[in-house]
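**Q** this is the structure alone, sequence omitted:
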């Protein structure tokens, strides 16, 4: 057991709140600060993408006994439902029978987790704006405005769980030898809405992640408990098929009629939602180091903000907590080593999931509409079912296993080279599940 | 001629000061702010690397008639003097007869340029700390301390020439769609000193850039007008042959006796200078965009801080001014287009010189000690002298021409592939200047 510490967590998002529960259960005093009001008292923002919880997230939940609580507010999703432009609907299963990710509404999950954290004894301070941190002695600087008077709050440790635009990281960035990058995507997103049927049921299959892949843009939808779906339109800001072009109602309605004809029935408030909801940005943030001595540590999006296309932002952040907690158990009161080993262990994996997430936009928006790609995935699944010891598909490694992301990425690249050769076999469409293909893969694996 | 504007330049370094002269000569009101005291009133810092001015820098000087003034305080350097560990001394000429770069002391040059700017009518405000800028209306926020009271200074345009740690860029970084990265090198540097002889002459050849290449570290020296040399030791912070290992006098003296025996006579105050002067960091900063509407523009290191190994930090910054000035002449009062075309033109070239500079550390610290590399350079020079229309070596493109850096980089890579094949020819050491080699290069160029 560790000597109790007085710990501040900056940020009451998913990672900050779960971290607070972990730290509280270890016997520490935990204060969570957030510049925003209590999310339990406000309307949701109209700019969220639904979350999917997968094995890494569940592992972190299980370790503090929250998995059953949270599973109640999630909907299992075991496949992609791919809506082609010609009206065809294809299904692509994510894993083996019984394997599924869980769709969760960010707002619902975050509210529930704050309840659970409070019940565990964590203190929350909402509407408290942290403007700066003194790294050397873990002191927070708090005040109503950036230029106004600030008060000092001294802690033993400070965790920056304050997201992609972290203030804590912002201070670290001004240190020598701190590497940092932020890169904004040319693609933005907008939240849309599929309401529930009058009887509260879902208008389309609730156990699918729905994708309308259209090349350089796509629509997706994930189910909510109340029978509705949160939809997200991803497309470029400028150029062909871009937000810039959808300036008025006529352009918007024509565009949807052309590219997403089967959504007409299910998105009744398209025009209102589209022009009311903001167009949001996507960015990738990377940095290193993540910690300062034994005083300050970044976690979650604050240290590794990624794009949402693999559905792993929350899962990666929760896995940070699993690893940190492992280091705490291993090194006791030696926080310098805890922080140092935590960041060394997590950095390559954070970089790997950043890369995988970026690549997955192309997979979702373009490749899922490509029959060759779907065949490749079918072959992989077939071979993997026959030889589970020889082949686990990349998606399963990332989503249904706890293998480090960096290993999953490396093995995935190796497997992809093999599949490139397999896909070039003559008549592969006919003989995809033949002994010849099986033997070819086995040979290439050696 | 442009309509006169009220313009603030933040930063009185080399780029800020030269930019101010350009803007003043265009008829604008120009105020230069610097958080530091007037460099003409203070001692130099003991952490500078000597500058080399090459054609891009001279071009910017010529356009405002400053080249003759500045040439007086420079020393032409036409070759590398390569000091091998075994005492051997090799020379490698940079270009053709008469081609040279000019060694300049940063302090001497900066002081002289501020004199010239003041004479041109530029107003300087030293000890004025700019903490923030309101991008939308080009308003500077100035005050004694970051948390104290600030005063507003409204301008028509603001230029951020405030270096690698730019405050102006810092504000832009907090905008959406602003890409930014900072990366610190594992190699640091320390300034050392070769004093003049008693009669004011130089102890070693003043027309050479002296290098002591030792693999992952190196020493270099560039001449000053007063007979002294500014030396710079570049080496890793940690690991084998690192600053970390040179903790005490004994370690330092042994290290120099082992690796740089011929410096014993010429660096008399090694121990004092080494432990007095700071070990400095090297960082690469990149960002985009460089401008905000027609209000704010970044220039020089503020928009593209690079490592010093090609000697092009100042030259690239001065070329920014040449391009900006060209856009001003072309687009008159349309500052939005001026800024937009300026950044579009410069960004790929800034990225190219960043890449070339990084690569040049390996060339200087390791390859110059490799006889194969020196032979390759000799063949390139020989072929280029015979066929100046067919081959200009990369170094000459970058340093003695005004070809865009991005083109120089691309052509350099192409030439390097050719030279890799040439160097693999049998007995290339004997037949390096034969007709066979000549024909081989001509064939590969096609």
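**A** Perfect, I can see it now. Predicted model only: the values in this text are computed from it and were never measured.

**Q** just the buried residues of the helix or strand where residue A:180 lies, please?
**A** Using DSSP states H and E, residue A:180 sits in strand A:179-184. For strand A:179-184, burial by neighbour count (16 or more other Cβ atoms under 10 Å in any protein chain shown) applies to A:180, A:181, A:182, A:183, A:184. The C-beta positions use only the backbone N, C-alpha and C, and glycine is treated the same way.

**Q** then stretch A:189-207?
**A** A:189, A:190, A:191, A:192, A:193, A:194, A:196, A:202, A:203, A:204, A:206.

**Q** could you do stretch A:39-59 as well?
**A** Per 16+ other Cβ under 10 Å, stretch A:39-59 contains these buried residues: A:39, A:49, A:50, A:51, A:52, A:53, A:54, A:55, A:56, A:57, A:58, A:59.

**Q** pull the most distant pair out of these.
**A** Spanning the widest gap among the buried residues of stretch A:39-59 are A:39 and A:55, at 25.9 Å by Cβ to Cβ.

**Q** so what's the closest residue to chain B within the stretch 51-200 of chain A bridging to?
**A** Nearest residue of the stretch 51-200 of chain A to chain B: residue A:181, at 3.6 Å (Cβ to the nearest Cβ). Beta-bridge partners of residue A:181, counted by DSSP bridges, are residue A:286, residue B:181.

**Q** pLDDT score assigned to it?
**A** We have a pLDDT of 97 for residue A:181.

**Q** next one: residue A:189
**A** On the pLDDT scale, residue A:189 gets 96.

**Q** is it true that it touches residue A:277?
**A** No. The criterion here is Cβ atoms under 8 Å, and residue A:189 misses it with residue A:277 at 9.7 Å.

**Q** which residue sits closest to the spatially most central residue of chain A, ignoring its sequence neighbours?
**A** The geometric centre of chain A, computed from its C-alpha atoms, lies nearest to residue A:313 (Cα atoms, centre = their mean), at 2.5 Å. Leaving aside its chain neighbours, residue A:313 sits nearest to residue A:306 (5.7 Å; criterion: Cβ to Cβ, 6 or more residues apart in numbering or on different chains).

**Q** that neighbour: how many residues sit nearby?
**A** Neighbours of residue A:306 under the rule other Cβ atoms under 10 Å in any protein chain shown: 25.

**Q** gap between it and residue A:183?
**A** Per Cβ to Cβ, to the nearest Å, residue A:306 is found 11 Å from residue A:183.

**Q** related to what we said a few turns ago, the strand holding residue A:180: how far from the chain's middle?
**A** Centroid separation between strand A:179-184 and its chain, computed with Cα atoms, centre = their mean, to the nearest Å, is 18 Å.

**Q** I'd like to know which elements it is packed against.
**A** strand A:283-288, strand B:179-184 (3 or more Cβ pairs under 8 Å, 6 or more residues apart in numbering or on different chains; DSSP states H and E).

**Q** helices or strands up against whichever helix or strand comes after the last one?
**A** Beyond strand B:179-184 on the C-terminal side, the first helix or strand identified by DSSP H and E is strand B:187-194. Packing partners of strand B:187-194 (3+ Cβ pairs under 8 Å, 6+ apart): strand B:229-236, helix B:270-276.

**Q** so of these, which one's packed in deepest?
**A** strand B:229-236 (a mean of 23; mean count of other Cβ atoms under 10 Å in any protein chain shown).

**Q** after that one, which helix or strand is next?
**A** helix B:249-259.

**Q** what does the stretch 151-300 of chain A put close to chain B?
**A** Within reach of chain B by Cβ under 8 Å from any Cβ of the partner chain, the stretch 151-300 of chain A has these residues: A:165, A:173-174, A:176-184, A:281.

**Q** if we use 10 Å, what do you get?
**A** Within the stretch 151-300 of chain A, the residues that sit near chain B (Cβ under 10 Å from any Cβ of the partner chain) are A:165, A:170, A:173-186, A:188, A:237, A:280-281, A:283-288.

**Q** please apply the same query to the stretch 1-150 of chain A.
**A** A:131, A:132, A:141, A:143, A:146, A:147, A:148, A:149, A:150.

**Q** filter those down to the buried ones.
**A** Buried, going by 16+ other Cβ under 10 Å: A:131, A:132, A:141, A:143, A:147, A:150, out of the residues of the stretch 1-150 of chain A next to chain B.

**Q** hang on, the earlier thing: surely the residue nearest to residue A:313 and residue A:286 touch.
**A** Yes. Assessed by Cβ atoms under 10 Å, residue A:306 is found in contact with residue A:286 at 9.1 Å.

**Q** spit out the residues that contact those two alike.
**A** With contacts taken as Cβ atoms under 10 Å, 6 or more residues apart in numbering or on different chains, the residues that reach both residue A:306 and residue A:286 are A:350, A:351, A:354.

**Q** which of those residues fall in helices?
**A** Of the positions in those, A:350, A:351, A:354 sit in helices, assigned by DSSP state H.

**Q** most neighbours of all the residues you listed, which one?
**A** residue A:350 (25 neighbours).

**Q** please name the nearest non-neighbouring residue to that residue.
**A** residue A:304 (3.6 Å).

**Q** from what I can see that neighbour touches residue A:354, true?
**A** Yes. Assessed by Cβ under 10 Å, residue A:304 is found in contact with residue A:354 at 6.4 Å.
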